[in-house]
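>>> Take a look and give me a structure for this.
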Amino acid sequence: MATAIELQRCWRNELLDSIAIRIDLEDEVTQIAAIAKSIKSTEDALGPKPAAELAKDDQVMALYTQRRELIDERIDLLFDRVQTLNRYWDNLKNLDNEFDRLEWLREKSKDDGRADIISVEQERHSVGEVARRTEEAEGVSGAVVQSLLDDAKHILELNEKF
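Below you'll find the model as predicted:
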C-alpha cells in the first residue's frame, strides 16, 4: 500500500505539504510493522487459551481473558490504522482524479471555442449557399425543360404545316 501511495501523482505534489495533509509514510509503515510485531510477541508470550485443569481455575481464566482482550483491542486498533491508511490512499486517488479533471478543463479551456463557432457558421453558410443554388438550378432547369418542350411542340407544329 505504501508503494501504491508513493506512485500517486499528487503524492509528489507540493500542495500536500502546503495544506499539511502529507503523512510521514515511512514512519507510518514502520510503526504499523512495529505494532504488529509487538502484538505477535505478546500473543506468543500469552500462549494458547488454558485447557484442562487450568481452564477450570477462575484466577487463571480471568488473567488470560484480561490479557487476550487487550491483545484483541490492539489488533482492532492496528486494523483501524491500516484501514485509515487505506482511506488516505483512496483520498489521494480521488485527488489525482480531480487533478486530471482540472488539467483537462484547463487544457480544453485554452481554446474558447471561437474557431469551432466560426467553422459552424461557415459550414452553415456553405450549406445554405449550396441549397440556394440547388433551388435556383431546379427553377432554371424547370424553365429550360419547359422551354425545350415548347420549342419541340412548335417544331412539330411547323413540321405538320409543311
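>>> Give the residue spans of the chain that score low on pLDDT.
Applying pLDDT under 70 to the chain flags the ranges 20, 138, 162.
>>> which SSE is the residue nearest the centre of it in?
Closest to where the C-alpha atoms of the chain average out (C-alpha atoms, centre = their mean) is residue 97, at 5.2 Å. Under the criterion of DSSP states H and E, residue 97 resides in helix 58-109.
>>> Which secondary structure elements does the following helix or strand past that helix sit against?
As assigned by DSSP H and E, the chain's next helix or strand after helix 58-109 is helix 114-161. If you count contacts as 3 or more C-beta pairs under 8 Å, 6 or more residues apart in numbering; DSSP states H and E, helix 114-161 packs onto no helix or strand. Every C-beta, even on glycine, is put in place using the N, C-alpha and C of the backbone.
>>> if I look at residue 1, how far off is residue 87?
Going from residue 1 to residue 87 by C-beta to C-beta, to the nearest Å gives 11 Å.
>>> swap in residue 115?
According to C-beta to C-beta, residue 115 stands 44 Å off from residue 87.
>>> correct me, but residue 78 touches residue 32?
Yes. With contact defined as C-beta atoms under 8 Å, residue 78 counts as touching residue 32 (6.9 Å).
>>> Distance check, residue 11 against residue 93.
On the measure of C-beta to C-beta, residue 11 and residue 93 end up 10 Å apart.
>>> quick one: stretch 104-118 to chain centroid distance?
Distance of stretch 104-118 from the chain centroid (C-alpha atoms, centre = their mean, to the nearest Å) equals 22 Å.
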